[in-house]
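Novice: my questions are about this predicted structure, shown below with the sequence.
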Amino acid sequence: MTEGFIEQAKEGKPVYITDVRKAYDNLQQKQKLSCVLNMLGEKQRLFEINMPSLDGLDKEGKDFVKSYAWAEIYNVLTSLGGKSMTVYVDRANNSLLKFAEGLNDVFDIDKSRADRKGYGRVINVIDRMLGAIYPQQAGKKQVKFRFTVKDKSEMPTLPAKSGDSSGDTGIFKKVAETLAGKVICGMDIGGTDIKVAMAVDGRLCCLKEYDWLPQGFALARQLVDPICILVRLARAKISLDADKSLSADVKAELGKQLEKAMHKEAACDFIEEVTDKVENALKGKIVEIDTIGLCFPDVVVKNKVVGGESPKTKGMRENPNIDYEEEFAKITNLDEQLLKLCKKGGVVRNTNDGPMAAFTAAVEMSASGSAEQVKDGIFAHTLGTDLGSGWVDEAGLIPDMPLECYNIIIDLGSFPEKKYTSSDARSLNNTNTALAGTLQRYTNQTGVFRLAIKSFPEKRPDLYKELFDKGFLAEKEMDGRKMLVVPAEPKDMRKGFLEHMMSLPEREKEELTSEIFRQIGVFLAVTWSETQRILQPKAKSRILFGRLVKNSYCFKLMQAGAKSRQSDLQLDVADAGMANTELMKQLEADEYFTVAQFAQAIGAVYYGNQGLLT
């Protein structure tokens, strides 16, 4: 069986972890790791990993089985986090005992954060998260994650899963119905752009989109400053609109400059210059912001950015002139910087972009008039630069966990694509951890690019040539190796590349281009299986946001691909059909921006308002 998986992988075919698990679970002769995750609070979860005996396998087989077991543990940790994990084994099984006792080494537990690689990167996230939740106290050691191995005879009896959580899902209606008299800023901070929405007294007064490339930033201020400046810009616009003291000529001139600053192409320096002019002209007559709600593309706990292992901070991690932990702390406290832009007693609420997608969907569904739609909670994904994942449970709460689903390993195969460096568009390797087969290279725009590069050269060389002719692909040499890259400078070609790919199924009307998007659907079905197993949400459907689902033709192909693997899987797109709240209806009526683009920024407005209500 293992040999068959390896041969499949060598042929360049995916070997999904779900298929390997099913096969190993059904083995007549198998060995077991019983992994008990000690979660935040006092909760515990048992994850059992079945696999064939390592003693009967050659090196290639042993390596494959070990990679499966490591991936199983890694997927749990990157989703749930936790304080520690206890692994129960049969101590008489020497090979299995040795494997279990090696987990602290495999996950770099005893190394510094800077020296952790591969699987160890998830431990950095967990340790930062534990530091935020359990701050170090004088005379006590900081809580840090570790594996402990015990004999299976010591395995405790775990309590049965508790019944349904109780909570007030009615909050989702309240946040959309109590905007009167409030000034609220919502921000959707992504990997390629930032979207800002300002609502005043229940009216959408300002929408701003700003392109950026955070993974190229070497210092925290390069990431934090634009976010703060964009809030000031939106605040300046609503302040100028409300002002009655300036002369008509001055107000008109400032309005023209603000209009230029609101353009998508406006540079940050220019935006700041114009904002300074407006603020100086108003001489303190600035409209005060009650609350700022935002989503940030990293692990966020209690409004603090605590991840530090996402591609967005790659430039900082690779900067030899800074202490990364000290520098990242300036991003951790982004909420405190934004609070300075609010009125006294104001509120800043920050979460990850995935949970924000789920929260937004919950608010819009609640506004449709059916409480049934949110009674089991909402699970959502954002499909764009990366894969964002979010969960609002049946109690209406966002659980405190990493939920870094883009790091989940779904493919243990596709060996030829592992040979490319993670900077190569053909690669299966995660750009941060370098681990192969993670969702980061499957269910987002990178997955579309990779599938095109994989299939076009042999089957449609004309389409492959077109990618180079249009500048979407380029050859680059690094460390003596030739790579294929999607250029980010002098112009970022990622959005254009994706839009081009999404136009091809209708333009070409043939199987090859359509199959790319069906395959993305298959990847989403595997994602569903993994998230259902690890997280156990009551919600069975998945709400999808982001650029990858803007094209209805491509979305239908993705749905077909998903159902070919998981027939009962329901995928719903967060399109204009979800525009049920007043602000979302105003966005739907906008002549320039769309619901698909700005839905999460509007959701962030409601999320900020929740902070005023609770």
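Specialist: Done, it's in.
Novice: what ranges does the stretch 101-250 of the chain have for its helices?
Specialist: When secondary structure is read from DSSP state H, counting those that start in this stretch, the stretch 101-250 of the chain shows helices at 103-106, 120-133, 171-177, 220-242, 248-261.
Novice: redo those helices as TSV? Include distance to Asp201.
Specialist: Any C-beta I mention is one placed from the backbone N, CA and C, and that applies to glycine too. Output for those, formatted as TSV (distance: least, CB to CB, whole Å):
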stretch	distance to Asp201
helix 103-106	56
helix 120-133	35
helix 171-177	13
helix 220-242	10
helix 248-261	20
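Novice: and the ones you listed: which comes nearest Glu272?
Specialist: Taking CB to CB, helix 220-242 is the member of these nearest to Glu272, at 5.0 Å.
Novice: could you say what helices and strands the closest one packs with?
Specialist: Counting contacts by 3 or more CB pairs under 8 Å, 6 or more residues apart in numbering; DSSP states H and E, helix 220-242 packs against strand 183-189, strand 193-200, strand 203-211, helix 248-261, helix 268-282, strand 289-296, helix 324-332, helix 334-339.
Novice: so which of the helices of the stretch 101-250 of the chain comes closest to Met478?
Specialist: Per CB to CB, nearest to Met478 of these: helix 120-133, 21.8 Å.
Novice: before we move on, the earlier item: go through the helices and strands packed on helix 220-242 and find the least confident stretch.
Specialist: Note on those: helix 324-332 shows the lowest mean pLDDT, a mean of 92.
Novice: and that one, what other elements does it pack with?
Specialist: If contacts are counted by 3+ CB pairs under 8 Å, 6+ apart, helix 324-332 sits against helix 220-242, strand 304-305, helix 314-317.
Novice: ok, residues contacting that helix?
Specialist: 113-114, 132, 219-221, 223-224, 298, 304-306, 308, 313, 316-317, 319 (CB atoms under 8 Å, 6 or more residues apart in numbering).
Novice: now the angle between helix 220-242 and that helix, please.
Specialist: Helix 324-332 runs at 10 degrees relative to helix 220-242, counting by axes from the mean of the first three to the mean of the last three CA atoms, to 10 degrees.
Novice: angle of helix 324-332 against strand 289-296?
Specialist: With the same axes, to 10 degrees applied, the angle from helix 324-332 to strand 289-296 works out at 130 degrees.
Novice: look up how far Asp590 lies from the nearest residue to Glu364 once chain neighbours are set aside.
Specialist: Leaving aside its sequence neighbours, Glu364 sits nearest to Met578 (CB to CB, 6 or more residues apart in numbering; 4.4 Å). With distances taken as CB to CB, to the nearest Å, Met578 is found 15 Å from Asp590.
Novice: which of those two has more residues huddled nearby?
Specialist: Ranked by neighbour count (other CB atoms under 10 Å), Met578 and Asp590 place Met578 first, with 23 against 13.
Novice: residue contacts, that one?
Specialist: With contact set as CB under 8 Å, 6+ apart, Met578 has these partners: Ala361, Glu364, Met365, Met584, Val595, Ala599.
Novice: of those, which is the nearest to Ala267?
Specialist: Among the contacts of Met578, and counting by CB to CB, the member closest to Ala267 is Ala599, at 26.5 Å.
Novice: helix or strand: which one has that closest one?
Specialist: Using DSSP states H and E, Ala599 maps to helix 595-613.
Novice: that helix vs strand 193-200, what angle?
Specialist: 50 degrees.
Novice: may I have helix 595-613 as CSV, with CA atoms only?
Specialist: Listed next in CSV are the C-alpha coordinates belonging to helix 595-613 (Å, rounded to 0.1, in the frame of the first residue of the first chain):
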residue,chain,number,x,y,z
VAL,A,595,-19.5,43.3,-2.6
ALA,A,596,-16.9,40.7,-3.4
GLN,A,597,-14.2,43.2,-3.0
PHE,A,598,-15.3,45.1,0.1
ALA,A,599,-17.5,42.7,2.0
GLN,A,600,-14.9,42.1,4.7
ALA,A,601,-14.2,45.8,5.2
ILE,A,602,-18.0,46.2,5.8
GLY,A,603,-17.9,43.2,8.1
ALA,A,604,-15.1,44.9,10.0
VAL,A,605,-17.3,47.9,10.6
TYR,A,606,-19.8,45.6,12.3
TYR,A,607,-17.1,43.9,14.2
GLY,A,608,-15.9,47.2,15.5
ASN,A,609,-19.4,48.0,16.5
GLN,A,610,-19.7,44.8,18.5
GLY,A,611,-16.9,46.1,20.7
LEU,A,612,-19.1,49.1,21.6
LEU,A,613,-22.0,46.7,22.4
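Novice: give the buried residues for it.
Specialist: For helix 595-613, a neighbour-count test (16 or more other CB atoms under 10 Å) marks 595-612 as buried.
Novice: what sits against Ala361?
Specialist: Ile378, Ala380, Ile543, Ala574, Met578.
Novice: please apply the same query to Met262.
Specialist: By CB under 8 Å, 6+ apart, Met262 lies in contact with Cys206, Lys208, Leu233, Lys237.
Novice: let me have the residues you listed in TSV, adding distance to Phe99 and neighbour count as columns.
Specialist: Formatted as TSV, the entries for the contacts of Met262 read as follows, by distance: CB to CB, whole Å; neighbours: other CB atoms under 10 Å:
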residue	distance to Phe99	neighbour count
Cys206	56	19
Lys208	53	24
Leu233	55	24
Lys237	60	24
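Novice: of these, closest to Gln373?
Specialist: Taking CB to CB as the measure, Gln373 lies nearest Cys206 of the contacts of Met262, at 29.9 Å.
Novice: list the contacts of the closest residue to the closest one other than its chain neighbours.
Specialist: Nearest residue to Cys206 in three dimensions, chain neighbours excluded: Met198, at 3.9 Å (CB to CB, 6+ apart). By CB under 8 Å, 6+ apart, Met198 lies in contact with Val183, Ile184, Cys185, Gly186, Leu204, Cys205, Cys206, Leu207, Ala234, Arg235, Lys237, Ile238.
Novice: now the residue lying closest to Asp376 once chain neighbours are set aside: how far from Phe47?
Specialist: Nearest non-adjacent residue to Asp376, counting by CB to CB, 6+ apart: Lys538, 4.0 Å away. With the distance defined as CB to CB, Lys538 ends up 19 Å from Phe47.
Novice: neighbour count for the two, which is higher?
Specialist: Phe47 (18 against 12).
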